[in-house]
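Engineer: Below are the sequence and a predicted model for it; my questions follow.
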There are 2 protein chains.
Amino acid sequence: MNTTFNSDQFVNALKKVLPGHGRFIGLHEPFFKAHEWEYVKECLDTGWVSSVGKYVDRFELLLAEFTGVKRAVAVVNGTSALHVCLMLAGVEQNDEVIVPSLTFVATANAVSYCGAVPHFVDSEEKTLGIDPYKLKDYLGEITDIRNSECINKHTGRRIKAVVPMHVFGHCVDLDALAEVCREFNLELIEDAAESLGSYYKGKHTGNWGRLSALSFNGNKIMTTGGGGAILTNDEKIGEMAKHITTTAKVPARWEFVHDRVGYNYRMPNINAALGCAQLEQLPFFLNEKRKLANRYKHAFEDVQCGKFFVEPDFSHSNYWLNVFMLDENNSDQRDVLLEITNNQGIMTRPAWALMHKLSMYNSCPRMDLSVAESIEKRLINLPSSVFLANDDAV
Amino acid sequence: MNTTFNSDQFVNALKKVLPGHGRFIGLHEPFFKAHEWEYVKECLDTGWVSSVGKYVDRFELLLAEFTGVKRAVAVVNGTSALHVCLMLAGVEQNDEVIVPSLTFVATANAVSYCGAVPHFVDSEEKTLGIDPYKLKDYLGEITDIRNSECINKHTGRRIKAVVPMHVFGHCVDLDALAEVCREFNLELIEDAAESLGSYYKGKHTGNWGRLSALSFNGNKIMTTGGGGAILTNDEKIGEMAKHITTTAKVPARWEFVHDRVGYNYRMPNINAALGCAQLEQLPFFLNEKRKLANRYKHAFEDVQCGKFFVEPDFSHSNYWLNVFMLDENNSDQRDVLLEITNNQGIMTRPAWALMHKLSMYNSCPRMDLSVAESIEKRLINLPSSVFLANDDAV
């Protein structure tokens, strides 16, 4: 197959969706067209900008309602959310935690913050996330259950939890993964940083893990500037998540007493105000992003070097970042396409460098990662901002 | 001495400064009267609300200029700033770090995040902060220098650093403390969370430590909603602080490569926008707070149960939270005064519970803490908002 020919096909398909008019097209830009300014201004007018205020409470209630969980706790970002999820799930120093190698670095870092060791596992082509069947076989080989704990026979360490990440908003096969977790007595923690608005078999992501983490970073489907949330259906754990993320201060009239080592992970009220306004628009955002994904899918139908990535059957995805996947025999073309498109002012990017290739994680335990390695070579993210859905909006 | 009589004197002095008009008077409320709206709105209008943006860069430059350090790195809050300061000063698991028992819990928590152990030391009545002379004697007794490291003879652990906190904006005796650090080969890290705008012998706090931490929480002299900063005069350390607080991502055109376990401690641009506007007003805030402190000082001159706390000779303090200190023989009156004033809608509060009394820290090493224990019983914080400086403004 001819590389130049394929490049042209790819670029032309992209430009059919993004006519451009010479403007730089970013990967994912936020969209503030509703009550953002009104709510933020109210914070400034009343002086309630910081860690206490009505928007934090309201944002938590709206999030719980939207995702269908019993309790949402707003925090300072997705990384801190995941850190607290792992702590409250009982991950301790020298434990191992199963994470995909194909993920953003925060997934592995949160494990490190607990003094635990990430153990990298492979992804499946269909979801871009953890392959539960390959994981099941692997755990069967390398672990023993001793005193109800899953022990890695090679390292002697306890494997405490599995953290699937719903990559670019596409759901991991959660039923199959939950079954593996039950069999091997592992806590399931969902890294739902990218999957707000994504549903697995009709139910919102974040409902399978004992705890789950969301992110509202500036590049996410909705943003609070910086922010995240912890989701849980266990009210006691939800209370503890709120307590531990607000310095573990014991309620009192004036005393400053804290009853454990807590964290200052509170989301400021001014950021929560932004969050409330964005969450009100989320159904609109999801609709627009689905329209954009459909336009990409259609435009790339005749491109021969690869395919537009479509949600798995069981996933109603938010299409946070759209994905073009090169075929195996065109995997050496990724950087050519990145070069051409970025040079023309259309921002595209590859997946993250795989975790097991990073210097601080390259000696961590891992299984065969051939699928993740193949995906990494072939994946290209396409511009995905909400306002790109209608071609006259560019 | 008659308790009731003293209470009346205290309350009347307080009301002379805060005439009230029936309004609830908080302890420290923010003041947004300049460019806050304009800058925040610009973030929303341009879509630059998150972790990259011109306000973050500008805020860092303005902070460095104001404090006179070579590099300021804006982060998500004061606790995270202190955590990174300790890490970059080389604090490691199982080290001990000298912190005052009389401090906000974040000082000790940041030590815990490093896997290190806080070692509590006493304060002096003159500054409310670490007593460098008592510390010197104590270290002389309990430590040995082995291979240029300061070893606690009782625990066998290395003592790596000293973290003075400038309580309520009053400077610790930094020259004397720096001398102790040199003698015992300890890193000096300033917890300057409360001392933005406070000068020790004419130079801004944060210039004595190899690294120092600021806080811009909602109750501080200026606020970013939630936020903090790392200060340093070592440009290499400053670069590393920026790197480690921004996920340790290696600069690249499109690759996502991270070269160490980093942190997502970035201050969002929308919060930095607020910070720029607040910092522009800081000289005004400092002036107003000094006026308010002088009015308190004058009003409490004839109160017999204690004294208004005045800055030490070597400190030009920001008077962040004003302090009334009961005499030793009236130390059982603190809660009486707190009760009366809070019942009348004037918010006052005690100091923090001492760190060595908190359940998670009560088995940590400590020296005699009699001065801190005495201060804790006698200290009352008074309303200190900028807009209280002029009595017609209440």
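Structural biologist: Alright, I've got the coordinates. Residues are numbered from 1 along each chain as shown, chains lettered A, B, ... in the order given.

Engineer: in the stretch 51-200 of chain A, what residue is nearest chain B?
Structural biologist: Of all residues in the stretch 51-200 of chain A, the one sitting closest to chain B is A:Thr79 (3.9 Å; CB to the nearest CB). The way it works is simple: take the backbone N, C-alpha and C, and place the C-beta from them, glycine included.

Engineer: helix, strand or coil for that residue?
Structural biologist: helix (DSSP: H, G, I helix; E, B strand; the rest coil).

Engineer: That one: neighbour count?
Structural biologist: 28 (other CB atoms under 10 Å in any protein chain shown).

Engineer: what sits against it?
Structural biologist: A:Ala106, A:Asn109, A:Ala110, A:Ser215, A:Gly228, B:Tyr263, B:Asn264 (CB atoms under 8 Å, 6 or more residues apart in numbering or on different chains).

Engineer: Please apply the same query to A:Arg157.
Structural biologist: Taking CB under 8 Å, 6+ apart, we find A:Arg157 in contact with A:Asn94, A:Asp95, A:Glu96, A:Val117, A:Ile151.

Engineer: again, but for A:Glu92
Structural biologist: Contact analysis of A:Glu92 by CB under 8 Å, 6+ apart lists A:Cys114, A:Gly115, A:Ala116, A:Lys160.

Engineer: where does the nearest residue to the second one once chain neighbours are set aside fall, phi/psi-wise?
Structural biologist: Residue nearest to A:Gly115 in three dimensions, not counting chain neighbours: A:Gln93, with 3.5 Å by CB to CB, 6 or more residues apart in numbering or on different chains. In terms of degrees, to the nearest 10, the main-chain angles of A:Gln93 are phi -50, psi 140.

Engineer: And the nearest residue to A:Ser148 once chain neighbours are set aside, how far from A:Arg366?
Structural biologist: Spatial nearest neighbour of A:Ser148, chain neighbours left out: A:Asn185 (5.7 Å); criterion: CB to CB, 6+ apart. A:Asn185 sits 21 Å away from A:Arg366, going by CB to CB, to the nearest Å.

Engineer: More neighbours: these two, which one.
Structural biologist: Set A:Asn185 next to A:Arg366 and count neighbours by other CB under 10 Å: A:Arg366 wins out with 19 against 15.

Engineer: Quick check: closest non-adjacent residue to the residue of the stretch 251-394 of chain A found nearest chain B.
Structural biologist: For the stretch 251-394 of chain A, the residue closest to chain B is A:Pro268, as judged by CB to the nearest CB, at 3.4 Å. Spatially, and ignoring its direct neighbours in sequence, A:Pro268 is nearest to B:Gly225 (3.4 Å; CB to CB, 6+ apart).

Engineer: A:Ile270 is in contact with the one you found, correct?
Structural biologist: Yes. Using CB atoms under 8 Å, B:Gly225 is in contact with A:Ile270, at 4.2 Å.

Engineer: residues shared between the contacts of these two?
Structural biologist: Residues touching both B:Gly225 and A:Ile270 (CB under 8 Å, 6+ apart) are A:Cys43, A:Val49, A:Ser50, B:Asn271, B:Leu274.

Engineer: What is the neighbour count of the residue nearest to A:Gly115?
Structural biologist: Neighbour count for A:Gln93, taken as other CB under 10 Å: 10.

Engineer: ok, now how distant is it from B:Glu255?
Structural biologist: Distance, A:Gln93 to B:Glu255, by CB to CB: 32 Å.

Engineer: all helices for the stretch 201-350 of chain A, in order.
Structural biologist: Secondary structure of the stretch 201-350 of chain A, counting by DSSP state H, counting those that start in this stretch: helices at A:235-245, A:269-299, A:334-343.

Engineer: Out of those helices, which is closest to A:Ser370?
Structural biologist: helix A:334-343 (17.1 Å; CB to CB).

Engineer: any idea how far the residue of the stretch 101-250 of chain A found nearest chain B is from A:Gly225?
Structural biologist: Relative to chain B, the nearest point of the stretch 101-250 of chain A is A:Gly218 (2.2 Å; CB to the nearest CB). Going from A:Gly218 to A:Gly225 by CB to CB gives 7 Å.

Engineer: dump the residue contacts of A:His243.
Structural biologist: Shown in contact with A:His243 (CB under 8 Å, 6+ apart): A:Gly262.

Engineer: Could you rerun that using 10 Å?
Structural biologist: A:Val73, A:Lys249, A:Val250, A:Pro251, A:His258, A:Asp259, A:Arg260, A:Gly262 (CB atoms under 10 Å, 6 or more residues apart in numbering or on different chains).

Engineer: Over to A:Gly226?
Structural biologist: With contact set as CB under 10 Å, 6+ apart, A:Gly226 has these partners: A:75-80, A:215-218, A:267-268, A:271, B:49-51, B:76, B:226, B:264-271.

Engineer: Now do the same for A:Asp45: helix, strand or coil?
Structural biologist: Secondary structure, three-state DSSP: A:Asp45 is helix.

Engineer: Would you agree it is in contact with B:Trp37?
Structural biologist: Yes. If you go by CB atoms under 10 Å, A:Asp45 and B:Trp37 touch, sitting 8.9 Å apart.

Engineer: In terms of packing, which of these two has more residues around it?
Structural biologist: The residue with more neighbours, out of A:Asp45 and B:Trp37, is B:Trp37; 18 against 10, by other CB under 10 Å.

Engineer: element containing the more buried one, please.
Structural biologist: Using DSSP states H and E, B:Trp37 falls within helix B:36-46.

Engineer: Okay, angle between that helix and helix A:36-46 too, please.
Structural biologist: Calculated by axes from the mean of the first three to the mean of the last three CA atoms, to 10 degrees, helix B:36-46 forms an angle of 170 degrees with helix A:36-46.

Engineer: What angle do helix A:269-299 and helix B:36-46 make with each other?
Structural biologist: Using the same axes, to 10 degrees: helix B:36-46 against helix A:269-299 is 10 degrees.

Engineer: Which strands or helices does helix B:36-46 pack on?
Structural biologist: The contact analysis (3 or more CB pairs under 10 Å, 6 or more residues apart in numbering or on different chains; DSSP states H and E) places helix B:36-46 against helix A:36-46, helix A:269-299, helix B:54-67, helix B:269-280.

Engineer: For the nearest residue to A:Ser215 once chain neighbours are set aside, list the residues it contacts.
Structural biologist: Distances taken as CB to CB, 6+ apart place A:Gly78 nearest to A:Ser215, at 2.8 Å, with adjacent residues excluded. Contacts here follow CB under 10 Å, 6+ apart; on that basis A:Gly78 touches A:104, A:106-107, A:110, A:191-194, A:213-217, A:220, A:226-230, B:264.

Engineer: Low-confidence stretches in chain A?
Structural biologist: A:1-5, A:21, A:391-394 (pLDDT under 70).

Engineer: Can you give me the domain assignment for it?
Structural biologist: What automatic domain parsing lists as the domains of chain A is A:3-31+A:281-393, A:36-279.

Engineer: deepest of the ones you listed, which one?
Structural biologist: The highest average neighbour count among those, using mean count of other CB atoms under 10 Å in any protein chain shown, belongs to domain A:36-279 at a mean of 22.

Engineer: so which two of the contacts of A:Glu92 are the farthest from each other?
Structural biologist: Using CB to CB, the two most remote members of the contacts of A:Glu92 are A:Gly115 and A:Lys160, lying 11.7 Å apart.

Engineer: overlap in contacts of these two?
Structural biologist: By CB under 10 Å, 6+ apart, A:Gly115 and A:Lys160 have these common neighbours: A:Val91, A:Glu92, A:Asn94, A:Asp95.

Engineer: Tabulate those (TSV), appending distance to B:Asp8 and secondary structure.
Structural biologist: Formatted as TSV, the shared contacts of A:Gly115 and A:Lys160 follow (distance: CB to CB, whole Å; DSSP: H, G, I helix; E, B strand; the rest coil):
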residue	distance to B:Asp8	secondary structure
A:Val91	56	coil
A:Glu92	55	coil
A:Asn94	60	coil
A:Asp95	60	coil
